[in-house]
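Student: coordinates only, no sequence provided:
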């Protein structure tokens, strides 16, 4: 996959498809930009620019001071300009933790985006682990080297039904070595650094008339469909579809659903712009 470099850092990306619509897509944890290639035959009227999150694939952030909102804005804006895509009809899209990146980029460059598509979006649960670890950074530093305490806390939270069983299983896989724990916490801290508050997100999307389409899996045990009420509260005009899927929404079927939405969205734009 191609690499776009900026100072000491770089972003890995994948670009495929044709059309006047550009989907800027962010994958879930542990994946990379090529994840969306399974949509190659599903997306018929748009280009997809898929971005590997930092610490995924070959994307790395290596500047002093850590990743900040302005850094994220500048490197993505530079990539869009480098590929000569800034004049496209642009839609952001994010899956799981990638939804946080899609929302944040939309808020950082709201004049570029017409819509935001969220697939099993992270960040709408009652317990925001990402923000907790970012505010109290001694917690991740401590937990990296004390896995027994991590597993005890996870089991307790699952037992009292604060943490879904699917999330518990996810953490078990991501906490079974020091490098894995360090990577996960690094991603969480970077994600928190570029994130906006729910109030800021709501205001931005309203001010710029950015439409929202959210897809939730009926059988999802990580991002439960019960977050629908929270999503609807932040995005009152959001279209929400619950599908007969689990958490793994990056598949051809969901690609077809997204394609239908893109066709409808762009058709309305063409009609309204006449």
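Tutor: Sure, I can see it. Keep in mind that this is a model prediction, so the values were computed, not measured.

Student: quick one: the lengthiest helix in the chain to chain centroid distance?
Tutor: Taking DSSP state H as the assignment, the helix of the chain that covers the most residues is helix 252-272. Remark: helix 252-272 is offset 20 Å from the chain centroid, using C-alpha atoms, centre = their mean, to the nearest Å.

Student: so what secondary structure elements neighbour it?
Tutor: strand 21-26, strand 89-95, strand 113-119, strand 211-217, strand 239-243 (3 or more C-beta pairs under 8 Å, 6 or more residues apart in numbering; DSSP states H and E). C-beta: built from backbone N, CA, C; applies to glycine.

Student: and those strands as TSV, adding mean pLDDT?
Tutor: Output for the helices and strands packed on helix 252-272, formatted as TSV (pLDDT from 0 to 100):
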stretch	mean pLDDT
strand 21-26	96
strand 89-95	96
strand 113-119	96
strand 211-217	96
strand 239-243	95
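
Student: export those to a markdown table and tack on distance to residue 11 and mean neighbour count?
Tutor: Below are the helices and strands packed on helix 252-272 laid out as a markdown table (distance: least, C-beta to C-beta, whole Å; neighbours: other C-beta atoms under 10 Å):
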| stretch | distance to residue 11 | mean neighbour count |
| --- | --- | --- |
| strand 21-26 | 11 | 26 |
| strand 89-95 | 15 | 26 |
| strand 113-119 | 18 | 25 |
| strand 211-217 | 25 | 22 |
| strand 239-243 | 30 | 15 |
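
Student: what does the longest strand belonging to the chain contact?
Tutor: Ranked by residue count, the top strand of the chain under DSSP state E comes out as strand 9-17. With C-beta atoms under 8 Å, 6 or more residues apart in numbering as the contact definition, strand 9-17 has outside contacts at 1-4, 32-34, 36-37, 40, 43, 46-52, 54, 56-63, 75-76, 79, 83.

Student: so what touches stretch 32-48?
Tutor: Contacts for stretch 32-48 (C-beta under 8 Å, 6+ apart): 1, 12-23, 25, 27-28, 50-52, 56-57, 85, 88, 91, 95, 250-253, 255-256, 258-259, 262-263, 266.

Student: an error on my part: the question was meant for stretch 224-232.
Tutor: 118, 121, 124-125, 164, 212, 214, 216-218, 238, 240, 242.

Student: could you export those residues as JSON lines, including distance to residue 102?
Tutor: Formatted as JSON lines, the contacts of stretch 224-232 follow (distance: C-beta to C-beta, whole Å):
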{"residue": "118", "distance to residue 102": "7"}
{"residue": "121", "distance to residue 102": "8"}
{"residue": "124", "distance to residue 102": "13"}
{"residue": "125", "distance to residue 102": "17"}
{"residue": "164", "distance to residue 102": "22"}
{"residue": "212", "distance to residue 102": "10"}
{"residue": "214", "distance to residue 102": "11"}
{"residue": "216", "distance to residue 102": "15"}
{"residue": "217", "distance to residue 102": "17"}
{"residue": "218", "distance to residue 102": "22"}
{"residue": "238", "distance to residue 102": "14"}
{"residue": "240", "distance to residue 102": "16"}
{"residue": "242", "distance to residue 102": "20"}
